[in-house]
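Colleague: Predicted structure and sequence below. I'll ask about it afterward.
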Amino acid sequence: MGIIGGFFEWFGNLGIFFWQVLRAAVTPPYEWRELIRQLDEVGSKSFPVVVMAGSAIGVIISLEARYSLSRFGAKSMFPATLVYSVIQVMGPIITGLVVSGRVGAGISAELASMKVTEQIDAIEASAINPYRLLAATRILACILMLPLLTLVSDGCGLLMGWFAQTLVEPLSFHQFIQDGFKGATFSTFLPQTFKTAVYGLIIGLIACFQGMRTRGGAEGVGRAATNSVVLASLFVILADVVLVKFILVVFP
Amino acid sequence: MATAYDIAMKQDRSEKDSGAPVVAVDNLLKTFGSHMVLNGISLSVDRGETLAVLGRSGTGKSVLLRLIIGLETPDSGSVCIHGQNIVGLALDRMGEIRKKMGFLFQQAALYDSLTVAENVAFPLVHHRKDMSRSERGERVKQLLSEVGMEGNLDTMPSDISGGMQKRVGLARALALEPEILLLDEPTAGLDPISSGEIDDLILKLQRERQMASIVVTHDLHSARTIANRLALLDQGNVVIEGTFEDLQQSDIGFVENFLKLS
């Protein structure tokens, strides 16, 4: 089968996997305990790396924006530039990519390791639906946690961006927030934050899919983790392109 | 005191004592790519009976067990559990049948993020919501005691030997008091004394619980001890099926060779 055939086969198998997970997710018994465990795995354990990434983005944008705006005599636009850049653009995509690396690799490696050691078969042989226990819980945890992690990332970005600016040109945090959010409404920022739930779906789905169909021992585990990160990152970026356009149409 | 679950299980079993084999595979064919593993084999096991499946490595013995529990799908043929063909059943419907089966994997397949006790408790946590935490704990201790692993409750699977993992796997397979027990190399990796203890346990289970068991093994001594009947596979076919004496009296060259070298 050629590359194109393999491409369509992969998508077809992904679609079948998604359908099986969806069916399992909406039929009882529900795996609440495992879901809570996964919310902790995805959410609280990604917190440090999201804080660091968000903070770094805030500082970078602050430094670049101050320089660019000064050249055009538009230094007063700095707060709005930082706020809009972080919340509408960089915060969501950076959070998505960081979580794709940290969580996506972790989920696919864990499930791939379970697959090659027959642990997933053992779960199925114990009359427990592995799509419900393993995949649905992880995917739902990613969907629920990504918007919250994005908020954290945005907050850190704004805080550190303000701090970087204040070191050079003192600006009160209150003034910064007032100027940055002037004229903004909930629809200015909320769609961009909640679009990351779609990133969570992409990351969780691809990570679980790659992990649960692994073959080939340790090499297969490594390949599953790598492919999961690469594919999830790529699809997150592509989804962002589509979602940005969608949001601009629905929330003009 | 018997719980509703115990009463329901007892009623369920007495209804099924109608004479039909508990497990019956008919004309099973299974290939992986171009490699044919099972070439139309037919076997059956009754309640209270143990069938040992022997053969050279790679002759499809483990695949047979995986087909019976539904982890693989045959290319053709049927797998009947209490007369119901399970081939092609949906996952959740298959789950109801699997609750009556216990499966011991060749490498035990313990969940490596759970302790020994949590591994054995896993089926109970999911399927015995009627049990309290303390009842579950007692049941886990009892199961681990039966396989000689009561001193390793909080140990992680990575910290015990392969043979000990196999014992824990057996305890987990027995957690839901199955009617059908599928054992893939239960004594592999065990010393002779431990192998004997596992054989005694299987015999005890057969006597007390009247389970239908299929044991895949290379250990002819163990097979002879625990099995009512033996089936010898070669190149995807059942070469001979019968008691150990039937095998000894056979003049089929492969059977003679197999017995001589075992």
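Modeller: Nice, thanks for sending it over.

Colleague: Identify the single longest helix in the chain, thanks.
Modeller: Answering for chain A, as no chain was given. Scanning chain A for the helix with the most residues, using DSSP state H, yields helix A:217-250.

Colleague: Sorry, I should have been clearer: chain B.
Modeller: Chain B, longest helix under DSSP H: helix B:192-209.

Colleague: still on that earlier bit, does anything pack onto the longest helix of chain A? Which helices or strands?
Modeller: helix A:91-99, helix A:105-116, helix A:186-194, helix A:196-212 (3 or more CB pairs under 8 Å, 6 or more residues apart in numbering or on different chains; DSSP states H and E). Placement of C-beta: from N, CA and C, glycine included.

Colleague: Near residue 169, how many other residues are there?
Modeller: Picked chain A for this. By other CB atoms under 10 Å in any protein chain shown, the residues close to residue A:169 number 10.

Colleague: wait, chain B
Modeller: 27.

Colleague: Chain neighbours aside, what residue packs nearest to it?
Modeller: Ranked by CB to CB, 6 or more residues apart in numbering or on different chains and with sequence neighbours excluded, the top spatial neighbour of residue B:169 is residue B:108, at 3.6 Å.

Colleague: buried ones in stretch A:209-219?
Modeller: Within stretch A:209-219, the residues that qualify as buried are A:209-214, counting by 16 or more other CB atoms under 10 Å in any protein chain shown.

Colleague: ok, and what's touching it?
Modeller: A:13-14, A:17-18, A:107-112, A:114-116, A:120, A:130, A:134-135, A:220-221, A:223-225, A:227-228, A:231 (CB atoms under 8 Å, 6 or more residues apart in numbering or on different chains).

Colleague: what about burial for those, which qualify?
Modeller: Buried among the contacts of stretch A:209-219 (16+ other CB under 10 Å): A:14, A:17-18, A:107-112, A:114-116, A:120, A:130, A:134-135, A:220-221, A:223-225, A:227-228, A:231.

Colleague: so how far is the first residue of stretch A:176-196 from its last?
Modeller: Length of stretch A:176-196, first residue to last, CA to CA, to the nearest Å: 26 Å.

Colleague: Check which residues of it are buried.
Modeller: Buried residues in stretch A:176-196, defined by neighbour count with 16+ other CB under 10 Å: A:176, A:179-181, A:189, A:191-196.

Colleague: now, which of those residues sits nearest chain B?
Modeller: residue A:196 (27.9 Å; CB to the nearest CB).

Colleague: quick one: contacts for the closest one?
Modeller: With CB under 8 Å, 6+ apart, residue A:196 has these contacts: A:92, A:95-96, A:146-147, A:149-150.

Colleague: Write out the residues of the stretch 51-200 of chain B neighbouring chain A.
Modeller: B:66, B:69, B:71, B:91-92, B:94-99, B:101, B:103, B:105, B:107, B:109-112, B:122-123, B:126-127, B:172 (CB under 8 Å from any CB of the partner chain).

Colleague: Check whether the spatially most central residue of chain B sits in a helix, strand or coil.
Modeller: Chain B has residue B:182 as the residue nearest its centroid, 1.2 Å off, counting by CA atoms, centre = their mean. Put simply, residue B:182 is strand when judged by DSSP: H, G, I helix; E, B strand; the rest coil.

Colleague: for residue A:23, same thing?
Modeller: Following three-state DSSP, the label given to residue A:23 is helix.

Colleague: contacting residues around the spatially closest residue to residue A:192 that is not a sequence neighbour?
Modeller: Residue nearest to residue A:192 in three dimensions, not counting chain neighbours: residue A:88, with 4.9 Å by CB to CB, 6+ apart. Listed by CB under 8 Å, 6+ apart, the contact set of residue A:88 reads A:188-189, A:192.

Colleague: re the thing from before, now render the helices and strands packed on helix A:217-250 as CSV, adding mean pLDDT.
Modeller: Below are these laid out as CSV (pLDDT from 0 to 100):
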stretch, mean pLDDT
helix A:91-99, 95
helix A:105-116, 96
helix A:186-194, 87
helix A:196-212, 97
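
Colleague: which intervals of chain B have sub-threshold pLDDT?
Modeller: Counting by pLDDT under 70, the ranges of chain B that qualify are B:1-19.

Colleague: the strands in the stretch 1-150 of chain B, which residues?
Modeller: Counting by DSSP state E, counting those that start in this stretch, the stretch 1-150 of chain B has strands at residues B:23-32, B:35-45, B:50-55, B:76-81, B:84-85, B:101-104.

Colleague: re the thing from before, which single one of the contacts of residue A:88 is nearest to residue A:142?
Modeller: residue A:192 (17.9 Å; CB to CB).
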